[in-house]
Each structure stands twice: as structure tokens, then as C-alpha cells.
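In: here is a sequence together with a model predicted from it:
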Amino acid sequence: MHTLISQYQQVRAASLEICSRIENEDFVVQPCAEVSPPKWHLGHTSWFFETVILKKYQPAYKSFNQEFDVLFNSYYKSVGAHTLQAERGHLSRPTVAEVMRYRQHVDEALLQLLKEANVTTEIAGLIEIGLHHEQQHQELLLMDIKMILASNVLTTQYCNTRLTTLNQATPATTRWVHFDEGLVEIGDHGASFAYDNERPRHKHYLYPFAMQQSLVTNADYLAFLAAGAYTKAQYWLSQGWDWVSKNSIQHPLYWQKIDEEWYEYTLHGLVPLDLNQPLVHISYFEANAFASWKGLRLPTEQELEVFLTQFPIKPTTAGGLFHPTDALAPNGQVWCWTSSQYTPYPRFKAFDGILNEYNGKFMCNQFVLRGGCIATPMHHYRHSYRNFYLPEQRWMFSGIRLAKDLI
């Protein structure tokens, strides 16, 4: 139980550490519907522990504020009403200080529960889910904070690392890795935590294919721009072309052209575009169009899982696999779009109780991304992890790894 207590404290502290670099004013901003104010993330992750565990398993628990039940419920219809996502930034209250007191209130009650001798396997399992849920929101926090800071007119940056200390990325390899035809096993193998959408492990037949070992770089995509691909409908899916035309999309999110030179907004502020860095912050529509322009394709999620299993992602920092402040790390990792629609695996079974709504209800009109990103917390990533987003979304750390058929 000591280990679980330590894990809980570390994960909860990490959320506050991420937010320690922003100002109070940044906590309440919502520049677009898909971005949630950092204040809301801190409240919602506390609401999760309170609703899923404390209210059910701690009879003496007293709510911090019953009005938070609606305010910090994200989308759990079975629990009750909730504030619409697009309206989370409309509210100035509760204050940031009150949200911090709410977190402390929940932490004290949860730690008290953990110190009791009768913590069941069921409760421990729910706490584990809660910790991974909070780690998901830590990645979301960095995505949202980046969008919030980038939306300012004044110069902003999340990290104060001097650009002179940030090494330039090394040129990417053009090597292709070949995979034979055959039956493979896909999904969680039961050795560690996994979400319900990663299960059950099952067989899948793959035809021979090849995967490019390196991610698509900024230089690769700059050639796509230079070829005028954003003005040529033949490379785009019908909905993608409509999206480009309606929204006047001309380049990846966070790219800016100043005096004929390209720059990219990062968590370190606006910096000259590093041509060797992996491309990041693009939509599925852009990823698919780029692959079409190259005469190649996006991998399926099964192909990418097989690739990642054989070629595990290497640590990008001395401290471990990912580090949230190192978003400009040389050759940093990005979530890779796949051509796979987000659907249930054969014999899929959702979590029980209110967590039944955790993943399954979103299995419609979204695409799967694989591989983790530079903002994914330590010990949260695994090769079977299925991230998913709408095809037009691109504020997450999304990029491309190309594939091709061998027959």
C-alpha cells in the first residue's frame, strides 16, 4: 500500500508542477472549444477521484462543494448533468485558489482511505485508473497551455530554457523496415495497466508491408508546402479539402512565415523552424494528404503496434522516456496518425460502472494515433495505447510515420 500512496502523491504533484510555470490569468483562458482551461483540468481530475472512489467507498466523506459535481463532470451522463466543454472557459469561479483547496481536500481524504487496512483490490484498481486518467490530463494540460500561450499577442513561452542550450535535431534516417506477411497478436498482453479499449488481445492478419524508421520531418513537409499541395485537391480526402478550403489552412498549426523565413511556436516560444525536427501538430487530413503526395500511405494501427514492439521508442532525455518540459528535444517523439478508424476490438468489453463511458462511447468518426509523444508522462505509455482524435484536430502533438505495401 505504501507504493500506491507514493504513486498517488507523485502523480498528483506532477499536475501542479506542470501548472507552476503559468500565471493565474492563464488558468482560466479557453481560446477554442477543444481547449480546456488548466483550472478545469485540475478540478476535473480531483472530481474523478471524489466521484469514482471517495463518495462510494468512504462513508464519512464530505463533498468540498456539491456544485462542483456539474462543473467538473466532463461527459459522464450516468452521473448527471455537466458543463459543456466549449463553455468551460466562460466561468471565472471557482477561483484558482479554491480549486487548489479542492485538490487538497480530495487528497487528504484519498490518502486517509489508502492508509486504512481494508483497501480492497477493487479500490486499488480504481485508484490506478484514476492515476492514469490524471496522466492523460497532464498531457492535455501541456497541449492546452501551449494553445493558450500561443493565442496571446504578447510574446510568451512556457519553458525558459535558453535556445542556445537546445541542441539542433540530427538528420533523420531514410531507412525502411520490412515486415513479413502473417498472423500477429495485437492489444494488451496483461503484464501491466491498460485501458479497456486496448483489450482483449487478439489475432490480426497483416500483409507484407514496410515502415519508414524515422518520423516525417519539418523539411519533408516543407517540400509538400513548396509543391503547392494545399492548393491541389487531388491529394486530399473530400472532407479534408472542404476543411482546408473553409478554414483557409495553408500550413501546420504553430508555423509562421516572417520575412520569408519559417518559424514554429513551441513551449520554448517562437523559434526558427528546425528542418530536422519531427513534424508536429497536423490533422489527419494533412497527414493523409502528405502520404498521398508521396505516393505512400499511413500505417494501420496494427502495423504501427508491430513496428513499435520491434523498434521501441528510445529515451529522449537522461531522465527517461518522456519529459514534459523537453518539447523541443532533438528528434522528439510524436503521436502518429494511423489510417484506422477508432472502433472496438473483437469481443471488446467496457469498464464496469460509470467508467463504462470512459472509452467506448467515443468509437465513432475518430482515427487512432499510436506511439506516445514528448508530453506523455513517464510510465503512462505502452505500445498497445490507442489514442484517438477527430480528423480535423491538430492541437495535440501529432505527426506522421509513413508506410507502404510490399505486394
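Out: Received, thanks.

In: next, name the residue at the spatial heart of the chain.
Out: residue 139 (5.4 Å; Cα atoms, centre = their mean).

In: give me the element it is part of.
Out: helix 121-150 (DSSP states H and E).

In: summarise which helices and strands that helix is packed against.
Out: With contacts defined as 3 or more Cβ pairs under 8 Å, 6 or more residues apart in numbering; DSSP states H and E, helix 121-150 has these neighbours: helix 2-19, helix 38-49, helix 96-115, strand 261-266. For glycine as for every other residue, the C-beta is placed from the backbone atoms N, C-alpha and C.

In: give the other helices and strands that the first one contacts.
Out: Spelled out, that is helix 2-19. helix 38-49, helix 96-115, helix 121-150.

In: what is the rounded mean pLDDT of whichever helix or strand comes after the last one?
Out: Counting by DSSP H and E, the element after helix 121-150 in chain order, helix or strand, is strand 176-179. Average pLDDT, strand 176-179: 98.

In: list the strands paired with strand 176-179, with their directions.
Out: As defined by DSSP bridges, the strand partners of strand 176-179 come to strand 209-212 (antiparallel).

In: what mean pLDDT does the strand it pairs with have?
Out: 97.

In: how far does that strand sit from its chain's centre?
Out: 24 Å (Cα atoms, centre = their mean, to the nearest Å).

In: among the helices and strands packed on helix 2-19, which is the most enclosed?
Out: Sort the helices and strands packed on helix 2-19 by mean neighbour count, taking mean count of other Cβ atoms under 10 Å, and helix 38-49 sits at the top with a mean of 25.

In: how long is stretch 196-211 end to end?
Out: Start-to-end span of stretch 196-211 (Cα to Cα, to the nearest Å) is 27 Å.

In: buried ones in it?
Out: Neighbour-count burial for stretch 196-211 flags 196, 197, 198, 199, 204, 206, 209, 210, 211 (criterion: 16 or more other Cβ atoms under 10 Å).

In: greatest separation within these: which pair is it?
Out: 196 and 210 (31.9 Å; Cβ to Cβ).

In: which helix or strand lies directly C-terminal to the least confident helix or strand in the chain by mean pLDDT?
Out: Across the helices and strands of the chain, mean pLDDT, DSSP states H and E gives its lowest value to strand 269-272, namely a mean of 90. Per DSSP H and E, the first helix or strand lying C-terminal to strand 269-272 is helix 284-293.

In: go through that following helix and flag the buried ones.
Out: 284, 285, 286, 287, 288, 289, 290, 291, 292, 293.

In: quick check: residue 146 touching residue 158?
Out: Yes - counting by Cβ atoms under 8 Å, residue 146 does reach residue 158; the two are 6.8 Å apart.

In: what touches both of those two?
Out: Common contact partners of residue 146 and residue 158 (Cβ atoms under 8 Å, 6 or more residues apart in numbering): residue 267.

In: just to revisit the earlier point, paired strands for the least confident helix or strand of the chain, with orientation please.
Out: strand 261-266 (antiparallel).

In: identify the residues contacting the partner strand?
Out: By Cβ under 8 Å, 6+ apart, the list of residues contacting strand 261-266 reads 146, 150, 218, 222, 254-257, 270-274, 277, 327-328.

In: quick one, it and helix 121-150 angle?
Out: 150 degrees (axes from the mean of the first three to the mean of the last three Cα atoms, to 10 degrees).

In: strand 261-266 - what's its average pLDDT?
Out: pLDDT averaged over strand 261-266 gives 94.

In: buried residues in it?
Out: Applying 16+ other Cβ under 10 Å to strand 261-266 flags 262, 263, 264, 265, 266 as buried.

In: can you add distance to residue 232 and give those back as CSV?
Out: CSV is the format used below for these (distance: Cβ to Cβ, whole Å):
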residue, distance to residue 232
262, 20
263, 25
264, 24
265, 27
266, 29
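
In: hang on, the earlier thing: nearest to residue 352 among the buried residues of stretch 196-211?
Out: Nearest to residue 352 among the buried residues of stretch 196-211, counting by Cβ to Cβ, is residue 196 at 9.4 Å.

In: tell me how far that closest one lies from residue 265.
Out: According to Cβ to Cβ, to the nearest Å, residue 196 stands 36 Å off from residue 265.

In: got the domain boundaries for this protein?
Out: 2-150, 163-405 (automatic domain parsing).

In: residue ranges in the stretch 1-150 of the chain under the pLDDT threshold?
Out: Counting by pLDDT under 70, the ranges of the stretch 1-150 of the chain that qualify are 1, 117.

In: now the stretch 251-400 of the chain
Out: 314-332.

In: would you list every one of the strands in it?
Out: Per DSSP state E, counting those that start in this stretch, the stretch 251-400 of the chain carries strands over the ranges 255-258, 261-266, 269-272, 335-341, 367-370, 387-389, 398-399.
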